[in-house]
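[1] give me a model of this one.
(2 chains)
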Amino acid sequence: MDFRDVKNIEYMNQGDYACPGCGAGLSMRHALKVLGEKTIIVMPASCWSIIAGVFPTTALQVPLMHVPFATAAAVASGVKNAYRKKGQDDVNVVCWAGDGGTFDIGLQALSGAAERKEDIIYVCYDNEAYMNTGIQRSSATPPGAWTTTTPTGNPLIYEKKDMFNIVASHNPAYVATATVAYPDDFYMKFEKAKNAKGFRFIHLLSACPPGWRIDSKDSVKAMRLAVESGMFVLMEKEQGKPIRVTYKPERFIPVREYLLFQGRYRHLDENTINEIQIRVNERLKDLDLL
Amino acid sequence: MESVDYQSVISDKDVRRFPISITTTEVNLTGSWRFSKPVFKEKVSPCSVGCPVNTNIPKYIFYLLKNDMDKAVEVLRRENPFPATCGRVCPHFCQAKCNRKDYDGAVEIKQIEKFVGDYALNVPPKKAKVLSNRSVAVVGGGPAGLSCAYFLAVSGYKVDLFEKENFLGGLLVYGIPEYRLPRSVVKREIENILSVGNIEVHLGSEINRDELEELKSNYDAVFVGVGLSKDREIENIKVDNRGVFSGYGLLKRLNTDLEFRKRFSGERIGVIGAGNVAMDVARTLIRLGNDVEIIYRRTLEEAPSFEDEKNEALEENVKVREKRVVEDLQYDTEGRLLLRLRGVDRVEKGKAMLNEIKEDCVVDKLILATGQARAFDIDEDDKVFLGGDFLHGARTVIEAIASGKQAAFRIMAKFEGRDFSYMDKDDRFFRVERDFDEYKVVPFERINLHYFEKQEPLKIEKLPKEERASNFREVVLKPSLEKILSEAKRCFSCGVCNECKTCWFFCPDMCIGVHDGVEFDYSFCKGCGVCSEECPRGVIDMVEDK
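    Next up, the predicted model:
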């Protein structure tokens, strides 16, 4: 992607409260560049509740509603219907939730909205744990990863919840995985989501330097290696069409390269790494990537 | 930063009804969180270290891709007044150092330089004013002398240029055949150099050792770059200009005297030596319809000529007899030369150790191309500066240009009463303008390979073998514009910002502006370092900041 073609207008203010190198702040910045001015963000409790700033300041130049943890998709449904009643159907109503508010606490509201085919965009920025409360495990935490509630590593019998397929099974208008480390792919998917009508879901992988125990400078690199190693697969599914993998590396790198440069995986022994590699390979085989 | 005016849609009434944030987080100066900060530091690309004149190659490629050709020409010509010539005859030491070499093949800088250089032919440099009353005599109008004169003239010194022939260019005209370097290119390039002004040319003025002393007293400095004009002799073979010719002298006549060329056709010719002069003589004679055989005491692989020259010579059917010396020669009754050859076991300290092999060989003419030497000796002193082949022995055109350029700057340093110093002593690095922030050569490890897809280097197209015989058309063909641009895009631009905006895209704090380099908004920069890590070319460094 030629970055010179990306528009210079920003919908986020400087001075936000994100940690240095935060993937979530960066993701919001670019998501808004695609979605544009006519956007309203509905936000359950998450890191972004903090990032957005303390009263009376806001880091966004578009309206943002803070809502209770479990209710993002429900509130967004209401907001969208209210706009429609007012004849303003062109407003993008966007849920911007973390993995806690999506995989765990907000799941039933999300499922309900998807089932009712509500005309909203649901974006989950997944940093793989409850980061702003102190790095507690969520059902998005990958097996083996350290968190403060899994100090010896998230047990291998747990598997990261497959949110893509859970939402896809509701047969929504559009569902995709993305990460801002792949700008072409990221912009393409937000563009598609913006232009589709109906329930749209984007699962963003978003690096968290303090939670992943990485240097803040490596945040984009971490998201990239997740994709290059096959730990996170960039794909999409449009209604009525099969799943399409949108980016396939020339050659997958071993997961060890992704895992071992992060502090949250540094305790892993050979067997565990091999086990993770086997699972990744099985998933890649299922997707016809190996 | 552009922004939307969202406050205007909210009324005071709304604010009183429920808590609503209407001011910006810009009151929160996140720059205070920082422990380290990014700084923009342009560095030096390995290619420009390899280049004897240290051209800022990534910079002119950047302007080329930006479609700002005049700027590209300016950058290129700031360090090298002969871009179109070098795009053809320079062996491009830069490419041997290219960081891309070990990735998917070095960038074909030669073809890109040729493209920009050809454009530069029609862009004369700006006229320079006379800024000093000091004047310099430059002896020798070859690449070294012209380069020295150019850099002095550009800086405002008056130059008198003395050339013994009736034309300028020296070796570029009479040494390098047209199929490698068309005359029109050299002519145009010299015209451009002279258009700077301040240079008075004296053709047909051979300067001997005594006249040099005279110049010394009449000028503030004298530059001597007269090349190597004397043939190095071989003990047992004497040049008689009947059957035995000097390679250098012959090449000179063949290249400048079209009538003389006619005397050589349909003959069997032996060439002793396998340097660039030998190759050029052999390839010229092949084109005139002769049967040419090179006789060399080492193997062709060990020969000092350029690889391209060797390969193209073989393609054109120049024959090579390796590991042989001429032990004896005699004229037969028909005026042909009977050569008695001996096999060479090895060459030790410049002396050939012969073995048992004996061969006879008959040729119509024999050409000695075993190298040249200085016609006279002189040392550098307060006023005398040397350059080109005369200084460092037979080397490449670009090295002659570099030595002429450095001599010009040594002369100017002397005038200004200071010492000439390299920007880096170990690398002997010198640029006219210090257009980088720190002398640091960007290593391969500093390149973020993720941003570069593998792509085969440009394939150079040459005139088919069959079409080369009997004409002097340029062998290397011009690639299409698309091919040049696509090759230019392969450049990593090591250490030189090309405004790709990768840092801007990945800055989570919107603290980066890219216009003529990178600017940081330190009020809000949290110092995460993503810009430095993601920069594809190592232009941003992180430094401690408390």
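
[2] and B:Phe93, how many neighbours?
    16 (other Cβ atoms under 10 Å in any protein chain shown). Just so you know, the C-beta spots here come from the backbone N, C-alpha and C atoms, and that holds for glycine as well.

[3] how about A:Ile243?
    That count, for A:Ile243 with other Cβ under 10 Å as the rule, works out to 16.

[4] go on, the one 3 residues further on?
    By other Cβ under 10 Å, the residues close to A:Thr246 number 16.

[5] now A:Ala70
    For A:Ala70, the neighbour count with other Cβ under 10 Å is 17.

[6] mind checking how far the residue nearest to it when sequence neighbours are not counted is from chain B?
    Leaving aside its chain neighbours, A:Ala70 sits nearest to A:Ile105 (5.0 Å; criterion: Cβ to Cβ, 6 or more residues apart in numbering or on different chains). According to Cβ to the nearest Cβ, to the nearest Å, A:Ile105 stands 23 Å off from chain B.

[7] quick one, what contacts A:Ile105?
    A:44, A:69-70 (Cβ atoms under 8 Å, 6 or more residues apart in numbering or on different chains).

[8] backbone dihedrals for residue 135, please?
    In the absence of a named chain, this looks at chain A. When quoted as degrees, to the nearest 10, the phi and psi of A:Ile135 stand at phi 60, psi 50.

[9] wrong one, chain B
    Dihedral pair for B:Ser135: phi -130, psi 150, per degrees, to the nearest 10.

[10] next: A:Arg200.
    phi -130, psi 140.

[11] can you check the one 10 residues further on too?
    Recorded main-chain torsions at A:Pro210 are phi -70, psi -40, according to degrees, to the nearest 10.

[12] and for it, the neighbour number?
    By other Cβ under 10 Å, the residues close to A:Pro210 number 17.

[13] again, but for the one 4 residues further on
    The criterion is other Cβ under 10 Å. On that basis, A:Ile214 has 19 neighbouring residues.

[14] three-state assignment of it?
    coil (DSSP: H, G, I helix; E, B strand; the rest coil).

[15] next: the one 10 residues further on.
    Three-state assignment for A:Arg224 (three-state DSSP): helix.

[16] domains in chain B, by residue range?
    B:24-42+B:498-544, B:46-123+B:435-488, B:135-229+B:374-415, B:238-373 (automatic domain parsing).

[17] now do the strands in chain A.
    Using DSSP state E, the strands found in chain A span residues A:39-43, A:57-58, A:64-66, A:92-98, A:121-126, A:174-178, A:200-205, A:235-238, A:244-245.

[18] before we move on, what about the stretch 251-400 of chain B?
    B:268-272, B:291-295, B:319-321, B:324-331, B:337-348, B:351-363, B:365-368, B:372-373, B:384-386 (DSSP state E, counting those that start in this stretch).

[19] need the contact list for whatever residue of chain B ends up closest to chain A.
    Here chain B gets closest to chain A at one residue, B:Gly529, 3.1 Å apart by Cβ to the nearest Cβ. Applying Cβ under 8 Å, 6+ apart to B:Gly529 gives the contacts A:20-21, A:215-217, B:36, B:38, B:542.

[20] B:Lys158 now?
    Shown in contact with B:Lys158 (Cβ under 8 Å, 6+ apart): B:130, B:132-136, B:198, B:200.

[21] picking up where we left off before, residue contacts, the closest residue in space to the residue of chain B closest to chain A that isn't next to it in sequence?
    Distances taken as Cβ to Cβ, 6+ apart place A:Lys217 nearest to B:Gly529, at 3.1 Å, with adjacent residues excluded. Neighbour list for A:Lys217: A:21, B:528-530, B:532-533, B:542 [criterion: Cβ under 8 Å, 6+ apart].

[22] closest one of those residues to B:Cys494?
    B:Ser532 (15.1 Å; Cβ to Cβ).

[23] quick check, that closest one in a helix?
    Yes: assessed with three-state DSSP, B:Ser532 lies in a helix.

[24] can you count the residues close to it?
    21.

[25] that one contacts B:Ser36, doesn't it?
    No: between B:Ser532 and B:Ser36 there is no contact under Cβ atoms under 8 Å: 9.2 Å.

[26] joint contacts of these two?
    Common neighbours of B:Ser532 and B:Ser36 (Cβ under 8 Å, 6+ apart) are B:Met542.

[27] the residue in the stretch 151-290 of chain A that chain B sits nearest to and B:Lys526: what is the separation?
    For the stretch 151-290 of chain A, the residue closest to chain B is A:Lys217, as judged by Cβ to the nearest Cβ, at 3.1 Å. A:Lys217 sits 11 Å away from B:Lys526, going by Cβ to Cβ, to the nearest Å.

[28] kindly report the same for B:Ile57.
    35 Å.

[29] and these two? Which one has more around it.
    Legend: neighbour count by other Cβ under 10 Å for B:Ile57 and B:Lys526, higher for B:Ile57 (29 against 25).

[30] quick check: B:Tyr63 is in a helix.
    Yes: under three-state DSSP, B:Tyr63 sits within a helix.

[31] hang on, the earlier thing: out of the contacts of B:Lys158, which is nearest to B:Lys97?
    Closest approach between these and B:Lys97, by Cβ to Cβ: B:Val136, at 33.0 Å.

[32] what's the closest non-adjacent residue to the closest one?
    Using Cβ to Cβ, 6+ apart, the closest residue to B:Val136 is B:Ala221 (4.8 Å).

[33] which single helix of chain A contains the most residues?
    Using DSSP state H to define each element, chain A has its longest helix at helix A:270-286.

[34] contacts for that one?
    A:142-144, A:153, A:156, A:159, A:229-231, A:233, A:252, A:254-256, A:259-260, A:268, A:290.

[35] do the same with stretch A:78-93
    Residues outside stretch A:78-93 that contact it (Cβ under 8 Å, 6+ apart): A:35-36, A:38-40, A:42, A:65, A:76, A:118-121, A:194.

[36] kindly report the residues of the stretch 401-546 of chain B close to chain A.
    Residues of the stretch 401-546 of chain B lying close to chain A (Cβ under 8 Å from any Cβ of the partner chain) are B:450, B:499-502, B:504-511, B:521, B:523-524, B:526-530, B:532-534, B:542.

[37] how about the backbone phi and psi for A:Gly87?
    Dihedral angles (degrees, to the nearest 10) for A:Gly87: phi 80, psi 20.

[38] what about it, how many residues nearby?
    The local packing of A:Gly87 (other Cβ under 10 Å) involves 7 other residues.

[39] any idea how far it is from B:Val543?
    Counting by Cβ to Cβ, the gap from A:Gly87 to B:Val543 is 55 Å.
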